[in-house]
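A.B. asks: Have a look; sequence and predicted model below, questions after that.
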Amino acid sequence: MEQSFAGRRALVTGAGKGIGRDTAKALFASGAQVVAVSRTQEDLTSLAQESPGIETLCVDLGDWEATERALSNIGPVDLLVNNAGVALLQPFLEVTKEACERSFDVNYRSVVQVSQIVSRGLIARGAPGAIVNVSSQASQCAIKDHAIYCSTKSAMDMLTKVMALELGPHKIRVNTVNPTVVMTAMGRANWSDAQKSEPMLKRIPLGKFAEVEDVVNSILFLLSDRSAMTTGSALLVDGGYLVG
Ligand SMILES: NC(=O)C1=CN([C@@H]2O[C@H](COP(=O)(O)OP(=O)(O)OC[C@H]3O[C@@H](n4cnc5c(N)ncnc54)[C@H](OP(=O)(O)O)[C@@H]3O)[C@@H](O)[C@H]2O)C=CC1
Ligand SMILES: CC(=O)C(C)=O
């Protein structure tokens with residue numbers, strides 16, 4: 001039986017492309033009202049054309065003040081997917097202050113900020129809710145040139161556990177999905193070179209990278225009542241990756 005999200009209002013960050021875009025479309029198709037938040041207006045315009053009725057909001061989530069202004073009157077939100085992320089890859093010894101700041105502002109701080117806004121609204125309404133933070137297998141395994149990216153995702157996983165601890169009494173569940181490589185714009189940019197992707201693939205018993213749909217299905221499960229007893233968890237979508 002298809003999961004219905006009728007009567008729920010969902011906010012998806014990074015909904016302009018890739019995993020976030022397909023998550024927004026899947027939630028909308030499943031009956032949810034959807035607010036799609038992303039950085040590039042053209043992406044949001046095309047999304048609204050593909051799925052008429054999806055609300056869109058264009059903001060750089062790495063800008064705290066702009067995000068506060070953009071979300072100040074967001075209205076009731078029951079389901080939140082913190083998906084927006086950047087992968088600024090640098091060898092550890094070449095990591096820059098700018099890459100550090102941008103990575104943590106987008107991949108971590110925006111998750112704190114948006115989750116606070118949504119959770120305060122839920123608590124004020126006395127309504128239950130669910131939050132899915134889109135992490136990565138990179139939160140649990142070291143990947144060359146991913147020092148800052150891995151760190152942001154590890155921080156996200158721990159943040160998720162503490163959020164689950166503190167928000168549980170308010171009937172707000174918080175989990176992560178932790179995918180392996182997905183050939184989205186981000187995946188293609190960083191994993192198209194076979195010399196890099198082959199060793200990763202060899203460590204995956206299922207012998208393939210994840211599809212966007214695999215991640216979307218896991219996100220919708222963790223948003224749904226079918227995961228009603230799951231919070232503070234990390235759902236790996238990684239084909240059984242063998243951490244070496
Ligand atoms: N692809 C992969 O291999 C994997 C991805 N992930 C995670 O999944 C999530 C989605 O990744 P994926 O779909 O592949 O990425 P994409 O780069 O394909 O899409 C990311 C989306 O997030 C938006 N976004 C990025 N930064 C901001 C910002 N500051 N403010 C608002 N929107 C922003 C992008 O907008 P714009 O393009 O305009 O910047 C884009 O629409 C990320 O958190 C990523 O870390 C986890 C494991 C594997
Ligand atoms: C690209 C990425 O996020 C991985 C491999 O986790």
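C.D. replies: Perfect, thanks for sending it. Numbering: from 1, shown residues only. Ligands and ions are numbered 1, 2, ... in the order given.
A.B. asks: Could you use CA atoms for every contact and neighbour count after this?
C.D. replies: Fine.
A.B. asks: Need the phi and psi values for residue 180.
C.D. replies: phi -80, psi -160 (degrees, to the nearest 10).
A.B. asks: Are stretch 182-194 and ligand 2 in contact anywhere?
C.D. replies: Yes: looking at stretch 182-194 against ligand 2 by CA under 6 Å from any ligand atom, the contacts come from residue 187.
A.B. asks: check contacts around the most centrally placed residue in the chain.
C.D. replies: Central residue of the chain (CA atoms, centre = their mean): residue 83, 2.1 Å from the mean position. Residues near residue 83 by CA atoms under 8 Å, 6 or more residues apart in numbering: 12-15, 19-20, 133-135.
A.B. asks: Out of these, name the ones that lie in helices.
C.D. replies: Under the assignment DSSP state H, these contribute 19-20 to helices.
A.B. asks: Any chance of the contacts of residue 83 in JSON lines with pLDDT and neighbour count as columns?
C.D. replies: Below are these laid out as JSON lines (pLDDT from 0 to 100; neighbours: other CA atoms under 10 Å):
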{"residue": "12", "pLDDT": "99", "neighbour count": "25"}
{"residue": "13", "pLDDT": "99", "neighbour count": "30"}
{"residue": "14", "pLDDT": "98", "neighbour count": "28"}
{"residue": "15", "pLDDT": "98", "neighbour count": "30"}
{"residue": "19", "pLDDT": "98", "neighbour count": "24"}
{"residue": "20", "pLDDT": "99", "neighbour count": "26"}
{"residue": "133", "pLDDT": "99", "neighbour count": "27"}
{"residue": "134", "pLDDT": "99", "neighbour count": "27"}
{"residue": "135", "pLDDT": "99", "neighbour count": "31"}
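A.B. asks: Kindly indicate which of the contacts of residue 83 lies nearest residue 161.
C.D. replies: residue 133 (10.8 Å; CA to CA).
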